[in-house]
Structure formats: structure tokens, C-alpha cells
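> coords below, sequence missing:
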Ligand SMILES: [Zn+2]
């Protein structure tokens, strides 16, 4: 990994905007491409710019763009579908097989001074939302997608398995979506301590306490209305059917590296619903609105900010995976 001059097209189409990048968050997928050079079928075969969680300022607008102007502070959705695809027409453009996603080979990412992006996937930030928060909208969108798919009812009890950045963000999304309480489980106490500071969040360290015991003890033995599996760990996936309440909903957020067992009969015996999510679609406006309204405060999750010239050090820090680090960001 290095910082260097690298040719990128900044040609502005009529429906595009050009953006001076301000802040880029480092995501687990960026780190994985750095350390392993591939994620599943996506293999880095030639130099690739990393980064897909970004906010910046509009520096040019295409002739057909009406909702953005030069100087607007914005954040960007990193996945661009084929606008004429069936998935797009169905409103599920996140699963368009033709989607082009920043920093997913062979598509370059946005950790670079300027990018050109479709205006339709570029969102104005309210004045009270910082660039740092704007760069958090991308991971927040995953949590919002999970909360939407869960069909949360006011007062529901949710469990979130896994206190990584996405697990934490999913917990906050579930609370904002109407859950009365969210129980977050993990093996790393420092992570639980960070998310446990939020009102409405309870934590269970599964090294000391069985999650099922805690959930039963605090739900009169009924179980959790919603279970978000955000660890991708096989034992957690298997435990989903135990922890969910009869008639409840399980949302698979984490992505196990290999296929893992699921307790189908356990789910059937409760008539539980199992749903999956893949990234997000049509949620950026909701995510921004929840930050702007103060209903979701992501600032405590931004652990440290690095200068662009220190980007390699920032990635090496991310590789360390300190349990006290949630989100590391780079400012250009
Ligand atoms: Zn990400």
C-alpha cells in the first residue's frame, strides 16, 4: 500500500457531480483487501484505490443536475447500479448483479482527492451534520436497512450478536427504529463497554454469561422479538433460533466466511422469520435524517482521525484490530 499519483477519470457527465473528498472511513472490507487481496470472488488483480465511506464538497455539477450545487457538503452512496436494470425498477438496486461498488475490484474507491459520482447517489448534508458524521452514513445505512427489514414494532426487545462497528450501529438503528431495549453480545469487553454507554443498550459478555440465559431471564422466558446476527460467527448463527421469541424475526447481517449451520427446526418450532440483508437501498435519506435530528449519535464511535499523508499508518492501525477502536477515519 502506498500513496502515489494515480490516473482516475474525472470526466463529468450531465447527471454527475464532482466532489472534493474531505473524510473517508476505513471499513473492514478495505482492511481485508489490504491484508488478503480478495473477498470471496472479488480479487484485486491490479492497483486499486480503497475507501467507500466518504463525505466531501461538490466542486462541479453536470448540466442536468438540479438538486445539488457547487459548495454543497455531501455524502455518497458507494454502489451504483445499472439504472435500467430490473433490480433498479424493483427498488432493490443493492442486489443488481451489475452494481459497481467503490473499492470492490475492479472498481476504484474514493480515498483520493476528487471523485466524479452520479448526483442521484449523492446526498446533501444538513448544516448540523459534520463531514465525519457524513462519512458514517454508509455504515449507518447497513443498520437502517437491518432495522427496516426487521419490521420493528414499538417496544420490541432486540438482540444484536456481535459488537463490531456494524453491530453497534445496528443496535443504535434498532433503538431509533422503536425498540425499547437492545441486548448486545460479544466476547470483547472493551467493545461492549463502548456500546453499553448508550441509553437503552444492555450488554452480555458471552465469555461469562450465556446469551440465552440472559435473554430468558430478562424477557420472562419469552425470547427476543428481533435478533440481529452481526458477528458472522458460526456459534452465534446457530444460537439465533434459541434466542428469538416465538413469532420473532432474525436478521442476518454478519457474513460468515464459509457456509455455517442454521437450526431450521428451531426456527420452525417458533414460526420465526429469517431474513437477510445485503448492503442497503433507499435508506441514505433516513440515515442522514436520524443523525441530523440527534436520534442517532455516531460521534462516540469515531475513535481516531488520521491525516491523508498518514493513510498507510491508519490502515496498519486498522489491521491491529484493537478492541477499543470502532471507526478510524482519514481526513484529506
Ligand atoms: Zn463499509
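Sure thing, it's come through. Given the structure is predicted, the values throughout are model-derived calculations rather than measurements.

> name the nearest residue to residue 85, sequence neighbours excluded.
Sequence neighbours aside, residue 96 is the residue nearest to residue 85 in space, at 4.7 Å (criterion: C-beta to C-beta, 6 or more residues apart in numbering). Every residue, glycine included, has its C-beta placed from N, CA and C.

> surely the one you found and residue 89 touch.
No: if you go by C-beta atoms under 8 Å, residue 96 and residue 89 don't touch, sitting 10.0 Å apart.

> these two: who's more crowded?
More crowded of residue 96 and residue 89, by other C-beta atoms under 10 Å: residue 96, with 19 against 10.

> which residues of the stretch 51-200 of the chain fall in helices?
Remark: helices assigned in the stretch 51-200 of the chain by DSSP state H, counting those that start in this stretch are 86-89, 131-134, 137-150, 165-176, 189-195.

> closest one to residue 299 among those helices?
Closest approach to residue 299 among the helices of the stretch 51-200 of the chain (C-beta to C-beta): helix 131-134, 6.9 Å.

> need the contact partners of the closest one.
With C-beta atoms under 8 Å, 6 or more residues apart in numbering as the test, helix 131-134 has contacts from 22-23, 54-56, 73-75, 125, 288, 291, 298-299, 302, 305, 329, 331.

> can you select the buried ones from those residues in ChimeraX?
Typed into ChimeraX, the next command selects the buried ones out of the contacts of helix 131-134 (criterion: 16 or more other C-beta atoms under 10 Å):
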select :22,23,54,55,56,73,74,75,125,288,291,298,302,329
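
> which residues of this structure score low on pLDDT?
For the chain, no stretch is flagged by pLDDT under 70.

> if we can go back for a sec, as TSV, the helices of the stretch 51-200 of the chain with distance to residue 80 would be great.
TSV is the format used below for these (distance: least, C-beta to C-beta, whole Å):
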stretch	distance to residue 80
helix 86-89	10
helix 131-134	18
helix 137-150	13
helix 165-176	22
helix 189-195	32
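
> what about residue 213, how many neighbours?
10.

> which one of the helices of the stretch 51-200 of the chain lies nearest to residue 237?
Comparing the helices of the stretch 51-200 of the chain by C-beta to C-beta, helix 165-176 comes nearest, at 13.6 Å.

> for the closest one, packing partners?
helix 137-150, strand 157-161, strand 181-186, helix 189-195, strand 224-229 (3 or more C-beta pairs under 8 Å, 6 or more residues apart in numbering; DSSP states H and E).

> just name the most buried of the ones you listed.
Most buried of those, by mean neighbour count (mean count of other C-beta atoms under 10 Å): strand 157-161, with a mean of 30.

> that strand versus strand 181-186: what angle between them?
Put simply, strand 157-161 runs at 20 degrees to strand 181-186, going by axes from the mean of the first three to the mean of the last three C-alpha atoms, to 10 degrees.

> related to what we said a few turns ago, list the contacts of the residue nearest to residue 85.
81, 82, 85, 87, 88.

> against residue 81, how distant is it?
4 Å (C-beta to C-beta, to the nearest Å).

> the helices of the stretch 51-200 of the chain: which one's closest to residue 31?
Counting by C-beta to C-beta, residue 31 lies closest to helix 165-176 out of those; the figure is 11.3 Å.

> need the contact partners of that closest one.
28, 139-140, 142-144, 146-147, 150, 152, 156, 158, 160-161, 182, 184, 186, 191, 194-195, 198, 200-201, 226, 228, 230-231, 253-254, 290, 295-298, 301, 326-327.

> list the residues that contact residue 252.
229, 237, 274, 275, 276, 277.

> need the max-distance pair from the residues you listed.
Pairwise over these, using C-beta to C-beta, the maximum falls at 237 and 277, 14.5 Å.

> how does the protein divide into domains?
Using automatic domain parsing, the domains assigned to the chain come out as 16-136+298-331, 142-276.

> so how far is the longest one off the chain centroid?
Its chain's average C-alpha position is 11 Å from that of domain 16-136+298-331, according to C-alpha atoms, centre = their mean, to the nearest Å.

> what of stretch 283-302?
Using C-alpha atoms, centre = their mean, the offset of stretch 283-302 from its chain centre is 12 Å.

> repeat for stretch 276-293
The answer for stretch 276-293 is 9 Å, by C-alpha atoms, centre = their mean.

> what does stretch 149-156 give?
19 Å.

> just give me the neighbour total for residue 172.
26.

> any idea how far residue 125 is from it?
Here residue 172 is placed at a distance of 19 Å from residue 125 (C-beta to C-beta).
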